[in-house]
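J.: Quick one, structure for this:
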Amino acid sequence: MFSIDLAEGAQLFPLEARHAEEFFAHIERGREFIGQYVPFPDRSPDVESARVLLAKYAVKAGEDGARFFGIRLDGTLVGGVLFPAFEADTGNCEIGCWLEPAAAGRGLVTRACRVLIDYAFGERGMHRVEWHAASANKKSLAVAERLGMTREGVMRQNHLHRGVRQDTEVWSILAHEWAAARSA
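T.: Model prediction:
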């Protein structure tokens, strides 16, 4: 298995079905916090459902689509980043993130997202990377801003989560913008 160092004691790695027990333990530690804005804690009420979720993403990754990556801090899974959408044929993808409270404020998500964006533009030739987040998720929106993304607008009440219609902000960065920012 490969991993990429993000910081002292922190690594990014492909999150696979074989990590289901570790993933479930992580979800249990941060279920309410993580589940405020992302749906997969609600889809993972036990180890087997966590395994099914991770296996679905493994199939998508095998088809050159969506994929999950975990973030470990001092050997413990504390969060992750993902491509919820990855469309090589159109040159568009979306990235997202989640983190349990104990790992917040260390810059791990921002660093991990930079790795994904570098991969999307540098290795895969993507043209556009998007970020979708609930308008109320200020921490996620701050990551998009730190990554140099541009806020494009708000899709009003487009996402039903836990029985509540949420507004979703759409942010993006284009390949030439990322290249200019990385060389500056």
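J.: Contact partners for the nearest residue to residue 35 once chain neighbours are set aside?
T.: Leaving aside its chain neighbours, residue 35 sits nearest to residue 41 (3.8 Å; criterion: C-beta to C-beta, 6 or more residues apart in numbering). All C-beta atoms are positioned from the backbone trio N, CA, C, and that covers glycine. Shown in contact with residue 41 (C-beta atoms under 8 Å, 6 or more residues apart in numbering): 27, 30, 31, 34, 35.
J.: same thing but at 10 Å, please
T.: By C-beta atoms under 10 Å, 6 or more residues apart in numbering, the contact list for residue 41 reads 24, 26, 27, 28, 30, 31, 32, 33, 34, 35, 50, 98.
J.: gap between it and residue 55?
T.: 17 Å (C-beta to C-beta, to the nearest Å).
J.: And for residue 153?
T.: Taking C-beta to C-beta, one finds residue 153 at 35 Å from residue 55.
J.: Model confidence for residue 1, exactly?
T.: Turning to residue 1, the model gives it a pLDDT of 56.
J.: Oops, could you answer that again for residue 102 instead?
T.: Taking residue 102 on its own, its pLDDT is 88.
J.: are any of the contacts of residue 41 buried, and which?
T.: The neighbour-count test (16 or more other C-beta atoms under 10 Å) marks 24, 26, 27, 30, 31, 34, 35, 50, 98 as buried among these.
J.: Surely the third one is in contact with residue 34?
T.: Yes: using C-beta atoms under 10 Å, residue 27 is in contact with residue 34, at 6.7 Å.
J.: list residues touching both of the two?
T.: 40, 41, 42, 44, 98, 100.
J.: Let's see which of the contacts of residue 41 end up in strands.
T.: Those of the contacts of residue 41 mapping onto strands are residue 98, per DSSP state E.
J.: Now tabulate the contacts of residue 41 in JSON lines and tack on pLDDT.
T.: Formatted as JSON lines, the contacts of residue 41 follow (pLDDT from 0 to 100):
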{"residue": "24", "pLDDT": "97"}
{"residue": "26", "pLDDT": "95"}
{"residue": "27", "pLDDT": "95"}
{"residue": "28", "pLDDT": "95"}
{"residue": "30", "pLDDT": "91"}
{"residue": "31", "pLDDT": "91"}
{"residue": "32", "pLDDT": "92"}
{"residue": "33", "pLDDT": "91"}
{"residue": "34", "pLDDT": "92"}
{"residue": "35", "pLDDT": "91"}
{"residue": "50", "pLDDT": "96"}
{"residue": "98", "pLDDT": "95"}
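J.: Which members of the contacts of residue 41 are positioned in helices?
T.: 24, 26, 27, 28, 30, 31, 32, 33, 34, 35, 50 (DSSP state H).
J.: what helices or strands is the helix or strand encompassing residue 143 leaning on?
T.: In the assignment (DSSP states H and E), residue 143 maps to helix 138-146. Where contact means 3 or more C-beta pairs under 10 Å, 6 or more residues apart in numbering; DSSP states H and E, helix 138-146 is packed against strand 92-99, helix 108-118, strand 128-134, strand 150-161, strand 164-174.
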